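Participant: could you look at this predicted model? Sequence included:
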Amino acid sequence: MKQVYLFKYGLTVLLLICAISVFAQNTPFTGKVVDETSQPLPGATVHIKGTNQTTTTDTKGIFSFPNNGQSAIVVTITFVGYDDLDKTITATDARATIQLVPNQRSLNEVVVVGYGIAKKSDLTGSISTVSAKDLNPGAVTNPLQQLAGKAAGVNITTVSSEPGVAPSIRIRGITSLSGGNDPLVVIDGIQGDLTTLNEVPPTEITSINILKDASATAIYGSRGAPGVIIVTTKHGVAGQSSVEFNENTSIDMATRQLKELNASQWTAEANALGVDPSANHGSNTDWYNLLTRTGFTQNHALAFGGGTDKFTYRASVNAIDQNGVVINSDYRKYIARVVATQKALDDKLTLTMNVNTTINNATYSPIGVGNAQYTSNTISQAYIARPTDPVYAEDGSYFVDPNVFHYLNPYAVAKTVSNDVNQNLLFGSLRADLDIYKGLTAGWFGSWRKYDQNTGYYAPAASTITDAITYDGVAHINNDHTDEKLMDINLSYKHDWGKSHFDATAVYEYQIETFTGDYAAARGFANDIATYNALQLGTLTDVQNGDLSSYKNDRRLVSYLGRINYSFNDRYFFTGSFRTDGSSVFGANHHFGYFPSGSLAWRIDQEDFMKDQAIVSSLKLRGGYGVTGNQQGLKPQGSLPLVGINPNSPQVYFAGQQIPNYYPSQNANPDLRWETNAETNLGLDFGFFHDRLTGTFDAYSAKTTNLLFNYQVSEIAGVVYPSVFGNAGSLQKQGLELSLSYAVIKSPDMTLNLAGNGSLMRNKVLSLGGNLLGQQASTNYVGWTNNGNGPAFLVVGKPIGTWLVYKHTGVDANGVETVAGENADGTLPDLSAQSKQRYDAGQSMPTYTYAFTPSFTYKNFDASMVWRGSGGNKVYNFVREDLSLLENIGKQNVLASAVATGIHSTPVQSDEWLESGAFLRFENISFGYKIPVKSKYVSSFRVSLTGQNLAVFTKYQGGDPEVDADGGNSSGYDNGNFPRTRTISAGLNVILK
């Protein structure tokens, strides 16, 4: 009986255990994800480690996975704005509650702000940060290419793809007419210009911070008005030895070739217009294709580094080999870099050394040759050349038509002319930082930049260039040297008490730049063997005035600056700075300039009233005001009275002898002073839904006063030259900027981020007059760049570079273009800048820019794109104008569209040649894959494929709508440029352990 009872009891227990086991095996794994306040987090990503199973939490923060007989699983929970968390969930957990921790890394991220660093959350000024992972990939030969489209208000323009020619950059448009608009570049504390930036290997950049508003840039005082670019490069990491190799190889193809008449079309049109048959030489030459090729670029980089807690180092070498799409245009760049850090005195003393050397060797397409009405280079000459002209004459020499004035064979120029530029650049620095006592630190910093450029030019008679034929070859060499030394001594102090934080920095800085150079030219060579390397072989009787020259000058800058930062309760922030600069380039009465700034920030998200909501995750309001200066466009002796050799009459006879004819070449101006830019900026940094959506909005207004410009004056007593470089007039610019980023997907295996930015800009000339040398200078209409050869003007009350053109009305019976306001005989009553027949047809500078930069990753695969564009401006198409005049067809080619317009000649510059400069460019697309490698020697192995400048959508009829439209020497004019290229590149990145 007992046995039966035990049997039944045991069987019952066994069945119960089995039932519980089965129930447990079939119970799903569930959990609830909450934030730091125990509120549910809907949309969090939950992934079972080691599987491809992923889900997201519902509106109550709950997730669930089916149970396939497991006793436990390990899940990874991710949510934007929070640290990733691994959690083990057992089958017996009814519902696991998982609390995520806010991710403070983005808020605590350190940003270099000039003479120091700050947490991103503490910033009070307008600063854009682009990290290495967000820089544009591909065939990059200059770091500016990596920034295109990445920051609101930062416009990077690649006017041409000529090897060795860097893009231009404007931060919030232009601030000066003549004072210079290139931003200051600071590389690991070393101050320089865009040339210095070109010395940085693109693969060695950690981050780029762009200081945009005056409250941020005022710390650099006299050099901060156009903005500041701060580059932080890679350094060695203690305990992490590594070797990194980067390889990128690309092919480059010219895009948007202008459509011209071919040989048969040209012949038909020439016959119809009655061109003398002697102009038709019966050939069929495609000059453009003859002079272009498929370009090829290689970029190799090797870096290694490591160290201990006391000493770290990193060294790299970089080589770029580029063959341009135009024959005989090549570029070679070699960069070597070493940075090392040593700690001493119980880690209280830190020494950092940085040495960077660069060699650039370039062969450029010759310019300034031929008879083009616009920029005369190899490609412009290819467009001019008649398709019926042969390349070679019957005797095998290069063909020349003696009936065409200054005839040029573009193929002969490309094959025979030497136009070489060699640059040797060096910059280095040494920094010493000493912790003195409880937050008190003293520092010393010294840097040295050297820049040597040697240019050699030789054109043989075979080049068909007129002067080369006349003189049996022409040659010149030009040497320019820049030596810049900078030293600063700084003292900083930090202290926290209670909820308050305070830090202060004081700096004394001294800088000296020395410029030297020489020029020599020769003509008449017996042969072409030595080219420009033996000028003494030239003929002495062919020496001309100006063939020999040299110069030496210098400029000095001494500065005193101070900055304080104060914050309370991590909510309220204040930054104030004051800088005094004294420069030798200004007049005796105004050597010193004073540049104050102040800015405030309020982290609204830290207030108590923001804690009980889950929509706004971060919110900071910023406001600032600052004054900056500008001296870029000033020559070292710009305020002194100077004399020189009269170029129109270099020598005179006196007492029977020939002597140099000196004449006054510059007026004295002791009142030459700093050009200043005062700017107010209001900004808002925000994040929603736990920073899944983040963005920045800025509004600014700036006014530049004491404009540096070359003003016209009357030659009265004490005024010996008809112009003076002085201060008069003012400009205003205003703008809005918006940057947005939305994390659509963020999981361990997949991310999708949509990002973009846009800016609106407008500017206005407030005045162009003032008192100069005792005179009232009034220049309300001034030609804007392009040497005044065009209809863009500076007009009081209108935007910079306003187009004042004549209205095109048609063509008369003789093929002459007609415009509104003509007299009955076809003449115009007034051809001046103030002519009432001109009208305001727009402006040369864009009023808006935008970019769209999405990115995607899936496991080891990644992809990114950059679309960018601009508009609101117009471009004067000098190239189309010159190639559309049928009167020239006897001596050159014309566009196919010229036949339909029927314009034989044009007496003025009309809106017929003014076109919209708006465009949308498919700038970059890149695909990468990190190949899984299980090796004790290889840490990472990644391959990539990138396309650059794949397409441009525009109504512009020229080669490219993106001309120099923001303050360059040809602002708003299409004068003909080296072709833009489309690039396809393959890359390899290998990191060894």
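Facilitator: Good, I have the coordinates.

Participant: drop to CA atoms for contacts and neighbour counts, all remaining ones
Facilitator: OK.

Participant: tell me which residues of the one helix or strand residue 430 maps to come out buried.
Facilitator: Residue 430 is part of strand 418-437 when elements are defined by DSSP states H and E. By 16 or more other C-alpha atoms under 10 Å, the buried positions in strand 418-437 come out as 418-435.

Participant: same check on stretch 49-68?
Facilitator: For stretch 49-68, burial by neighbour count (16+ other C-alpha under 10 Å) applies to 54-58, 61-65, 67.

Participant: inside strands: which ones of the residues you listed?
Facilitator: When DSSP state E defines the strands, the subset of the buried residues of stretch 49-68 inside them is 54-56, 62-65.

Participant: farthest-apart pair in those, please.
Facilitator: 54 and 62 (13.4 Å; C-alpha to C-alpha).

Participant: hang on, the earlier thing: between the buried residues of stretch 49-68, which is nearest residue 783?
Facilitator: Nearest member of the buried residues of stretch 49-68 to residue 783, counting by C-alpha to C-alpha, is residue 56, at 62.5 Å.

Participant: now do that closest one against residue 45, distance only.
Facilitator: Using C-alpha to C-alpha, to the nearest Å, residue 56 is found at 5 Å from residue 45.

Participant: could you do residue 357 as well?
Facilitator: To residue 45, residue 357 is 48 Å away according to C-alpha to C-alpha.

Participant: more neighbours: these two, which one.
Facilitator: residue 45 (23 against 19; other C-alpha atoms under 10 Å).

Participant: could you tell me which residues make contact with the more buried one?
Facilitator: For residue 45, the contact set (C-alpha atoms under 8 Å, 6 or more residues apart in numbering) comprises 54-57, 76-79, 746-747.

Participant: ok now do the residue nearest to residue 493 when sequence neighbours are not counted, which residues does it touch?
Facilitator: Nearest non-adjacent residue to residue 493, counting by C-alpha to C-alpha, 6 or more residues apart in numbering: residue 440, 4.4 Å away. By C-alpha under 8 Å, 6+ apart, residue 440 lies in contact with 491-494.

Participant: and residue 440, its phi and psi?
Facilitator: Main-chain torsions, residue 440, degrees, to the nearest 10: phi -100, psi 120.

Participant: and residue 851, how far from residue 924?
Facilitator: 11 Å.

Participant: what touches both of the two?
Facilitator: Shared contacts of residue 851 and residue 924 (C-alpha under 8 Å, 6+ apart): 866-867.

Participant: what number of residues lie near residue 328?
Facilitator: 22.

Participant: for it, helix, strand, or coil?
Facilitator: Under DSSP: H, G, I helix; E, B strand; the rest coil, residue 328 falls in the coil class.

Participant: was I right about it contacting residue 364?
Facilitator: Yes: Residue 328 lies in contact with residue 364 (C-alpha atoms under 8 Å); the separation is 7.3 Å.

Participant: name the residues that touch stretch 411-424?
Facilitator: With contact meaning C-alpha under 8 Å, 6+ apart, stretch 411-424 is reached by 287, 290-291, 327-328, 357-366, 378, 391, 398, 450-460, 462-465, 531.

Participant: filter those residues to the buried ones?
Facilitator: For the contacts of stretch 411-424, a burial check counting by 16+ other C-alpha under 10 Å picks out 287, 291, 327-328, 357-366, 378, 391, 398, 450-460, 462-465, 531.
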